[in-house]
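K.L.:
next comes the sequence, and after it the predicted model I'd like to discuss.
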Amino acid sequence: MAMDRDGAMHPRLTVLTHPLVQHKLTIMRRRETSTGEFRALAREVSLLMAYELTRDLPIQNVPIDTPLEPMMAPAIAGKKLCIVSILRAGDGIAAGMLDLVPSARVGHVGLYRDPVTHRPVEYYLKLPEDVAERLVIVVDPMLATGHSAAAALDRLRRAGCTNMRFACLLAAPEGLKVLGEAHPDVEVFTCAVDRALDEHAYIRPGLGDAGDRLFGTK
């Protein structure tokens, strides 16, 4: 999958530039795209993102029997990854990734953004018991201020996680800066870096409120 790396906003940023990713993202941005279309496209784009995010998973040769003969064949080594969704909108991204990696474990971090301070407040946490032993992919459709993503990664570090990546559909330069300062070692994967945040901390030009568009709540 074609991709660009831009260290100016985050030391470990990857922007996925595959034509299918970009085309589907454009349809998602359109005001007239329905809830059903938006949800399906988010799932498709997330699957494509997962392909890139899992490119370097370790593999080992294991014995199997084909219909014709035994052989040593490559399989993913060690424990499978864990996808951690930042509620609620992260579930729209996790679903597509699970289509590609159905055996992955799933965790949830519930965060909401205080409307005045724009700071995250945690209200829910549920993680696999062995999450610290897995590659953890944290997902949220939007990286806006960066505070929710940073708070989720902080919480996972306190749970013992050391191998983490963050994936989003869209990122703002402000959020990338915050995340880069808080977690410079965490790789960030996104489909686009938009212009800036507005006075309400929405990404511009963006695609609107991802949660509302995924679940039809507006």
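P.N.:
Now that the structure is in, tell me what you want to look at.
K.L.:
I'd like the distance between Arg29 and Val109.
P.N.:
Distance, Arg29 to Val109, by CB to CB, to the nearest Å: 26 Å. C-beta: built from backbone N, CA, C; applies to glycine.
K.L.:
which of these two has more residues huddled nearby?
P.N.:
The residue with more neighbours, out of Arg29 and Val109, is Val109; 26 against 17, by other CB atoms under 10 Å.
K.L.:
contacting residues for the closest residue to that one other than its chain neighbours?
P.N.:
Sequence neighbours aside, Ala152 is the residue nearest to Val109 in space, at 4.6 Å (criterion: CB to CB, 6 or more residues apart in numbering). Neighbour list for Ala152: 84, 86, 109, 111, 120, 138, 140 [criterion: CB atoms under 8 Å, 6 or more residues apart in numbering].
K.L.:
Serialize those residues to JSON lines and add fields for distance to Val62.
P.N.:
Converted to JSON lines, the contacts of Ala152 look like this (distance: CB to CB, whole Å):
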{"residue": "Val84", "distance to Val62": "28"}
{"residue": "Ile86", "distance to Val62": "34"}
{"residue": "Val109", "distance to Val62": "34"}
{"residue": "Leu111", "distance to Val62": "39"}
{"residue": "Pro120", "distance to Val62": "42"}
{"residue": "Val138", "distance to Val62": "29"}
{"residue": "Asp140", "distance to Val62": "35"}
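K.L.:
out of these, which is most surrounded?
P.N.:
Ranked by neighbour count (other CB under 10 Å), the contacts of Ala152 have Val84 at the top, with 31 neighbours.
K.L.:
got any ranges where the chain has weak pLDDT?
P.N.:
Within the chain, the stretches with pLDDT under 70 are 1-8, 118.
K.L.:
where do the strands sit along it?
P.N.:
Counting by DSSP state E, the chain has strands at residues 3-5, 13-16, 59-65, 70-76, 82-87, 105-113, 120-126, 136-139, 142-143, 164-171, 187-193, 196-197, 203-204.
K.L.:
for this protein, longest helix please?
P.N.:
helix 35-53 (DSSP state H).
K.L.:
mind listing what's buried along that helix?
P.N.:
Using 16 or more other CB atoms under 10 Å as the test for burial, helix 35-53 gives 38-53.
K.L.:
return the member of those nearest to Val193.
P.N.:
Closest approach between the buried residues of helix 35-53 and Val193, by CB to CB: Met49, at 14.7 Å.
K.L.:
burial check on the residue nearest to the closest one when sequence neighbours are not counted, number of neighbours?
P.N.:
Distance criterion CB to CB, 6+ apart; nearest residue to Met49, sequence neighbours excluded, is Ala167 at 5.6 Å. Using other CB under 10 Å, Ala167 is surrounded by 27 other residues.
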